[in-house]
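# Sequence first, predicted coordinates after that:
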Number of protein chains: 2
Amino acid sequence: MEKNILLTIEYDGTGFCGWQKQPGKRSVQGEIERALGIVCGQEIKVDGASRTDAGVHAYGQRANFAGDLKIPADRIAIAANNILSGGKSSSSAGGDVRITAAEEKPMGFHARFDAKAKKYVYKIRNESTADVFGRNYAYHVARPLNVKAMEDAAGQIAGTKDFKCFQAAGGEEKKTTVRTVYSLRITGARDIQIEIIGDAFLYNMVRIIAGTLVEVGLGKLHPLALAPIIESRDRQNAGHTAPPQGLFLAEVYYNIDYLGGFYGQTGLG
Amino acid sequence: MEKNILLTIEYDGTGFCGWQKQPGKRSVQGEIERALGIVCGQEIKVDGASRTDAGVHAYGQRANFAGDLKIPADRIAIAANNILSGGKSSSSAGGDVRITAAEEKPMGFHARFDAKAKKYVYKIRNESTADVFGRNYAYHVARPLNVKAMEDAAGQIAGTKDFKCFQAAGGEEKKTTVRTVYSLRITGARDIQIEIIGDAFLYNMVRIIAGTLVEVGLGKLHPLALAPIIESRDRQNAGHTAPPQGLFLAEVYYNIDYLGGFYGQTGLG
């Protein structure tokens, strides 16, 4: 019987060319499709909710696939993870991607098109010396950041706006550069996290926002400069693109009502 | 002027064949010697306090080298780290080894021969599901561990004993297998740490102790079995060798008096 399965996927992006399949390279999509092909006994094509770049991580990527499946949904994750883990006590190879959940959805459901919102987390390590263990999981900023200034700047970002200034060249052509940022929170001191929830994101938008906030934290940009930068719709006025290894796709939301209950106070309800 | 420099070195062992140089492979020693060679303008040969295996990490490895050096000791770390870091926002390549300190020592001083004691930490992640981000930095044990039983077992290890049962084949031939374990502490629950301080360690000794304690935690070995296992001097009676990625060389001690002040209560003073 034809089934449509929605997967939740966690990965360390360090060893991948990104989510999307590329010839001759190791992609998350490619690894997932390879494992599912073996488990389901047929060629599988998955659609991911977000096409994360090389080095970008995910706690909660989502992807769906359809097929005439004999195996029950709840067995798919276990069987595929067996293949993905590569073997015990392997070090760098394998074990860097894992399916954390698999559930059946109605046939028309699509992981990307039906996504109502996404949450990304951008991690910064603010310390004079680099951390060899954290180098692939945070943006190391050696000079002290003024987190209060970064918070003041962040306050001007949330809302439904034209965010063209935060769009990098090279992505898919979009009909509009208007997006809604539901919330943007900054927490921590030495380990700073920028948490951002939005309906959809432009190419490299979260990394450019992170880079711009870092420049505010370093005193290169005034905290109140964010509103005019956004209004200018000019990429040149925003800050640098923060490196990929600080970025984590945290969650994909399919139910706005559910979100409203949790995030109503941030304007999402 | 001929100088003898003692380095403190931190590394993520994932991308290395181990501390020691091996032809055609990327070793920590090799990377350090390459960077120091450039910084000091001459061929440099470093002696490490511990020859850690592939995948084993270090917070506080020590190594010394001598040379007719024009550069002051305190500039060596900064200059070498510039080379070792490889370049900004690099992901997997480079940045996985860093010199955290460099100090001048008398000419006869030797990082390995003058070491009085070492501290290793062995990390276990005890959770039913694997963690993609922790896979290279802990031993994943899926079934629940009885930490109390592991503590009871650990209590029988400390002391000056013949630890032949915890020696793997393949290491350097040693004159004696008698070693002193000054202290062995187990902390944590989901993230379990085994902290062990000893005067010197046999080949794979910490990993075999960790594997044996895991078997106690799983109920495969009785907590009181440790004393007779040690007495038997037979590797077959001890548990498995826990994988390398859980092991961290935490500290090398050169001054016993200093240690006595901190660890006198554990029998070291």
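All right, it came through fine.

# ok, residue A:172 - contacts?
By CB atoms under 8 Å, 6 or more residues apart in numbering or on different chains, the contact list for residue A:172 reads residue A:203. Backbone N, C-alpha and C define where each C-beta goes, glycine included.

# how about the CA coordinates for stretch A:145-159, as CSV?
The C-alpha coordinates for stretch A:145-159 follow below in CSV (Å, rounded to 0.1, in the frame of the first residue of the first chain):
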residue,chain,number,x,y,z
LEU,A,145,30.9,40.9,22.4
ASN,A,146,28.5,43.4,24.0
VAL,A,147,25.5,41.1,24.3
LYS,A,148,23.2,43.9,25.5
ALA,A,149,23.9,45.8,22.3
MET,A,150,23.2,42.7,20.3
GLU,A,151,19.8,42.3,22.1
ASP,A,152,18.9,45.9,21.4
ALA,A,153,19.7,45.3,17.7
ALA,A,154,17.8,42.0,17.6
GLY,A,155,14.7,43.8,18.9
GLN,A,156,14.4,45.6,15.5
ILE,A,157,14.3,42.4,13.4
ALA,A,158,11.1,40.6,14.4
GLY,A,159,8.0,41.2,12.3
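
# Go through it and flag the buried ones.
A:145, A:147, A:149, A:150, A:151, A:152, A:153, A:154, A:156, A:157, A:158 (16 or more other CB atoms under 10 Å in any protein chain shown).

# Can you pull the residues of the stretch 1-150 of chain A lying near chain B?
Residues of the stretch 1-150 of chain A lying close to chain B (CB under 8 Å from any CB of the partner chain) are A:10-12, A:14-15, A:54-55, A:57, A:81, A:85, A:88-89, A:91-92, A:95-98, A:100, A:129-130, A:132-133, A:135-137, A:139.

# let's see 6 Å
Along the stretch 1-150 of chain A, the residues adjacent to chain B under the rule CB under 6 Å from any CB of the partner chain are A:10-12, A:14, A:55, A:89, A:91-92, A:95-96, A:98, A:132-133, A:135-136.

# ok, which pair from the buried residues of stretch A:145-159 is furthest apart?
Greatest spatial distance among these (CB to CB): A:145 and A:158, at 20.4 Å.

# ok, the buried residues of stretch A:145-159 vs chain B, which is closest?
Lowest distance from chain B to these (CB to the nearest CB) belongs to residue A:145, with 16.7 Å.

# In a markdown table: the buried residues of stretch A:145-159, plus secondary structure, distance to residue A:1 and pLDDT.
Below are the buried residues of stretch A:145-159 laid out as a markdown table (DSSP: H, G, I helix; E, B strand; the rest coil; distance: CB to CB, whole Å; pLDDT from 0 to 100):
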| residue | secondary structure | distance to residue A:1 | pLDDT |
| --- | --- | --- | --- |
| A:145 | coil | 54 | 98 |
| A:147 | helix | 53 | 97 |
| A:149 | helix | 57 | 97 |
| A:150 | helix | 52 | 97 |
| A:151 | helix | 52 | 96 |
| A:152 | helix | 55 | 95 |
| A:153 | helix | 53 | 96 |
| A:154 | helix | 48 | 95 |
| A:156 | coil | 51 | 95 |
| A:157 | coil | 46 | 96 |
| A:158 | coil | 44 | 94 |
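
# Residue A:208 against residue A:241, yeah?
Yes. Residue A:208 is within contact range of residue A:241, at 5.3 Å (criterion: CB atoms under 6 Å).

# Those two - which one has more neighbours?
residue A:208 (22 against 19; other CB atoms under 10 Å in any protein chain shown).

# returning to what we had before: out of the buried residues of stretch A:145-159, which one sits closest to residue B:49?
Among the buried residues of stretch A:145-159, and counting by CB to CB, the member closest to residue B:49 is residue A:145, at 35.8 Å.

# And the longest strand belonging to chain A, what's buried?
The residue-count maximum for a strand in chain A (DSSP state E) belongs to strand A:57-68. Using 16+ other CB under 10 Å as the test for burial, strand A:57-68 gives A:57, A:58, A:59, A:60, A:61, A:62, A:63, A:64, A:65, A:66, A:67.

# Note down every partner strand of that strand and its orientation.
Counting by DSSP bridges, the strands paired with strand A:57-68 are strand A:2-11 (antiparallel), strand A:47-48 (antiparallel), strand A:247-253 (parallel).

# who touches the second one?
Right, strand A:47-48. A:19, A:63, A:64, A:111, A:112 (CB atoms under 6 Å, 6 or more residues apart in numbering or on different chains).

# For chain B, see how far away the fourth one is.
Translated: residue A:111. 19 Å (CB to the nearest CB, to the nearest Å).

# Let me see the backbone angles for that residue.
With angles defined as degrees, to the nearest 10, residue A:111 shows backbone torsions of phi -60, psi -40.

# ok, it touching residue A:61?
No. Look at residue A:111 against residue A:61 with CB under 6 Å: they stay out of range, at 8.8 Å.

# Looking at the nearest residue to residue A:65 once chain neighbours are set aside now. What's its pLDDT?
Spatially, and ignoring its direct neighbours in sequence, residue A:65 is nearest to residue A:46 (4.5 Å; CB to CB, 6 or more residues apart in numbering or on different chains). According to the per-residue confidence, residue A:46 scores 97 in pLDDT.

# Ok, residue A:87 next?
pLDDT at residue A:87 comes out at 53.

# Can you list phi and psi of residue A:160 for me?
phi -90, psi 110.

# What helix or strand is the closest residue to it other than its chain neighbours located in?
Nearest residue to residue A:160, sequence neighbours excluded (CB to CB, 6+ apart): residue A:180, at 4.4 Å. Element membership for residue A:180, per DSSP states H and E: strand A:178-187.

# Check which element follows that strand along the chain.
Next along from strand A:178-187, by DSSP H and E: strand A:191-198.

# Summarise which helices and strands that following strand is packed against.
strand A:117-126, strand A:178-187 (3 or more CB pairs under 6 Å, 6 or more residues apart in numbering or on different chains; DSSP states H and E).

# Alpha carbons of that strand, in PDB - could you do that?
This file holds the C-alpha atoms of strand A:191-198, laid out as PDB (Å, rounded to 0.1, in the frame of the first residue of the first chain):
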ATOM      1  CA  ASP A 191      28.300  30.600  24.800                       C
ATOM      2  CA  ILE A 192      25.900  32.800  23.000                       C
ATOM      3  CA  GLN A 193      22.800  31.400  21.200                       C
ATOM      4  CA  ILE A 194      20.700  33.300  18.700                       C
ATOM      5  CA  GLU A 195      17.300  31.600  18.500                       C
ATOM      6  CA  ILE A 196      15.100  32.600  15.500                       C
ATOM      7  CA  ILE A 197      11.700  31.500  14.500                       C
ATOM      8  CA  GLY A 198      10.300  32.500  11.100                       C
END
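
# tally of neighbours for the residue in the stretch 101-250 of chain A positioned nearest to chain B?
Residue of the stretch 101-250 of chain A nearest chain B, by CB to the nearest CB: residue A:243 (3.6 Å). A count of neighbours around residue A:243, defined by other CB under 10 Å, yields 19.
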